[in-house]
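Colleague: need a 3D model of the sequence below.
(chains A and B)
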Amino acid sequence: MSILVNHLTYKYNPGTPMESVALNDVSFEIGDGEFIGLIGHTGSGKSTLVQHLNGILKPTEGSVYYNGRDVFDGDYDLKELRSHVGLVFQYPEHQLFESDVFKDVCFGPLNLGLSKKEAELRAYKALKLVGIEDDFFYQSPFDLSGGQKRRVAIAGVLAMEPDVLVLDEPTAGLDPRGRDDLLDSLKTVQAETGCTVVLVSHSMEDVARYADRILVMNNGTIVYDDKPVSVFRHYDKLKEMGLGVPEITGAMYRLRAAGFNVSTDVITVDDAVNEIMAAMGHA
Amino acid sequence: MLRDITLGQYYPADSVIHRLDPRVKLFGTLVYLVTLFLTDNFIGYLLALLFLAVTVTVSKVPVSFILRGLKAVMVLLLFSVVLNLFMTKGEVVFSIWKISVTKEGIYIAAFMAIRILFLIMGSSIMTLTTTPNNLTDGLEKGLGFLKIFRVPVHEIAMMMSIALRFIPILMEETDKIMKAQMARGADFESKKLTKKVKALIPLLVPLFVSAFRRANDLATAMEARCYRGGKGRTKMKPLVYKKRDALAYLIIFGYLAAVILIKIYF
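Modeller: The predicted structure is shown next:
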């Protein structure tokens, strides 16, 4: 057990006429080494939720435990928590500020109080992990392409070597190629470091392929918390929330509605091909 | 934190004051400020208070909202009161050690405090009841006569409205960048000055970059819509005086006359 969210409620502008409930009694657990997809429509409270995981926002009610300790206890060192739980914000490239890429990635580890040598070693490893070549290390981060900037910014958090890596819509605004590359390198990062990954997204496609477990949020509450295949069984409900299921799962539902005897528990194209072949008697 | 700044804030409500032509409100505020400095006795200030109280009541803006804006000037207020209280020469009322308080000092300090308080409240009533767009429209039209002297009134008004529009955007951006850098272990709460200044770099650089990026995007969007400045430009909702505006002018002039009369006869 690494993170436990316990009856968390968060209100923006509490006690004023502008009060709005962003999170309403949310509880769940994140285990070590999991790859979790957090899905929800715009305004469902995903971003608000993940900002509690590293103590940036303080809950109105409820608590968050990291390895069994209440992080809002008062004597918990939030700076230390942030070295364990790395949070990559939306459009993280907007936070780049240093004169070259390498220095920017060193910012996080140096803030942890590491020696310069150790920080540089970590920065080098992190940049390699996200697939940035040595040629770019001493360029200004502002001269890179959008996708490269995004990778450098993610490396900036990776270099802190967090045990839990939380990414808030890391693929927003990237082209399909950039999106696939980024998500693939996330999977590599997890395989190599063994960290827990929480991927926030509103795209079912992104999450279905990589996550072992999906949390679906709607109007500030968690509606489903299950394996991808089981979550996608709530086809109609997900459509109602404006989320839907991956294209290929949707296609299987339509085939079934058209009278073909195929299973709808399918989330990849390869599985779909096998399933259709089997249904047509070509197994 | 940053959200406490009420400067130029608008309070949405449905009232006659909200519906008044912005030119009337600008003129009214100007007259009110002038009368505050014309007045030199308490009867005059009583009238100013009455005028303010009626305006606030009619505007439907909660008094607490207006008083909140005063927090920012408290230091200035205290400073001027203390200075006037102890530094004015005249008939000594009482004295402690080397410092003496005079009758004249008390008078001047009281006047000063009243003036500053009324000044802030009077002008915040205008910004609270007028949207920034309306305000710049009013300024543009009200100062239109300056065009004869080749003053680029439209451009100045446009710059003002863009600046006002960007205040909340940049504040939100600051908040976001601060959080992102905190997630990378940045420390904005340090007490040491050198550390505090150093911590600002990771905040200010991205903020400047984003301000320029936004300005650039806005310029492109304006050019794409063929914006060429004020010449020949028409408005979707041109400002037109209504009956209530005429009435408001009458009330303002009546108030001005009353203040002058009080000054002469008391």
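
Colleague: how about the residue in the stretch 51-200 of chain A that chain B sits nearest to, nearest residue that isn't a chain neighbour?
Modeller: At 3.1 Å from chain B, A:N111 is the closest residue in the stretch 51-200 of chain A, using Cβ to the nearest Cβ. From N, CA and C alone the C-beta is placed, and that goes for glycine too. Nearest residue to A:N111, sequence neighbours excluded (Cβ to Cβ, 6 or more residues apart in numbering or on different chains): B:G185, at 3.1 Å.

Colleague: re earlier: contact partners for the residue of the stretch 51-200 of chain A closest to chain B?
Modeller: Contact analysis of A:N111 by Cβ atoms under 8 Å, 6 or more residues apart in numbering or on different chains lists A:K79, B:R184, B:G185, B:A186, B:D187.

Colleague: so where's the stretch 151-283 of chain A shaky on pLDDT?
Modeller: For the stretch 151-283 of chain A, applying pLDDT under 70 flags the ranges A:283.

Colleague: what segments of the stretch 51-200 of chain A are strands?
Modeller: Along the stretch 51-200 of chain A, the segments classed as strands by DSSP state E, counting those that start in this stretch run A:61-66, A:69-70, A:85-88, A:164-168, A:196-201.

Colleague: what does stretch A:139-151 contact?
Modeller: A:92-93, A:96, A:98-101, A:104, A:130-132, A:136, A:152, A:170, A:173-175, A:178, A:181-182, A:185, B:209.

Colleague: what's the burial count for residue 14?
Modeller: Assuming you mean chain A. Using other Cβ atoms under 10 Å in any protein chain shown, A:P14 has 11 neighbouring residues.

Colleague: the chain in question should be chain B.
Modeller: 7.

Colleague: for it, give its distance to chain A.
Modeller: 15 Å (Cβ to the nearest Cβ, to the nearest Å).

Colleague: hmm, that residue is touching B:V58, no?
Modeller: No. Using Cβ atoms under 8 Å, B:D14 is not in contact with B:V58; the gap is 11.6 Å.

Colleague: which bits of chain B sit near chain A?
Modeller: Contact residues (Cβ under 8 Å from any Cβ of the partner chain) of chain B with chain A: B:176-177, B:179-187, B:201-202, B:205-206, B:209-210.

Colleague: can you read off the pLDDT for the closest residue to A:F97 other than its chain neighbours?
Modeller: Using Cβ to Cβ, 6+ apart and skipping the chain neighbours, the partner closest in space to A:F97 is B:V205 (3.7 Å). At B:V205, the model reports a pLDDT of 92.

Colleague: winner for burial among the strands of the stretch 51-200 of chain A?
Modeller: strand A:85-88 (a mean of 26; mean count of other Cβ atoms under 10 Å in any protein chain shown).

Colleague: which one of the contacts of A:N111 has the most neighbours?
Modeller: B:R184 (28 neighbours).

Colleague: which ones are touching that one?
Modeller: Counting by Cβ under 8 Å, 6+ apart, B:R184 has contacts A:R82, A:Q95, A:F107, A:G108, A:N111, A:G156, A:V157, A:M160.

Colleague: can we see that at 6 Å?
Modeller: Residues in contact with B:R184 (Cβ atoms under 6 Å, 6 or more residues apart in numbering or on different chains) are A:F107, A:G108.
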